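Asks: Sequence first, predicted model second:
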Amino acid sequence: MKTLLAATLLCLPMAAQAMDTAGSTADAAKEKKICRSEEVTGSMFTKRVCHTKAEWVALEAERERGAAELRNRRDGNGSDIPR
């Protein structure tokens with residue numbers, strides 16, 4: 001009896017997590033995926049990448065931040081360059 005109770009208590013968090021994951025997947029499924037073909041460095045083939053609109057916006061912002069950081073390093077405006 002104690003073993004059954006212990007097994008039930010151990011499985012309870014997993015069941016709750018599964019229910020939580022199912023709810024978030026339902027929300028994610030409602031958002032429309034936008035797919036794009038991206039070039040892969042060193043390959044003749046393109047790769048199909050799908051994300052939601054919000055994810056594409058976040059990826060673009062991250063790419064812009066990286067490009068700005070490279071420009072700052074090139075121009076000598078970066079804070080990591082000793083003077």
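Replies: That came through fine.
Asks: and the end-to-end length of stretch 40-60?
Replies: End-to-end distance for stretch 40-60, by CA to CA, to the nearest Å: 17 Å.
Asks: what is the rounded mean pLDDT of that stretch?
Replies: The pLDDT scores in stretch 40-60 average 95.
Asks: Name the residues that touch it?
Replies: Identification of contacts with stretch 40-60 by CB atoms under 8 Å, 6 or more residues apart in numbering yields 28, 31-39. From N, CA and C alone the C-beta is placed, and that goes for glycine too.
Asks: redo that, cut-off 6 Å
Replies: 31, 33, 35-39 (CB atoms under 6 Å, 6 or more residues apart in numbering).
Asks: Check the gap between residue 75 and residue 69 for me.
Replies: Noted for residue 75: a distance of 11 Å to residue 69, by CB to CB, to the nearest Å.
Asks: The two: who's more crowded?
Replies: residue 69 (13 against 9; other CB atoms under 10 Å).
Asks: which SSE is the more buried one in?
Replies: For residue 69, the host element (DSSP states H and E) is helix 53-75.
Asks: Number of residues surrounding residue 53?
Replies: Neighbour count for residue 53, taken as other CB under 10 Å: 11.
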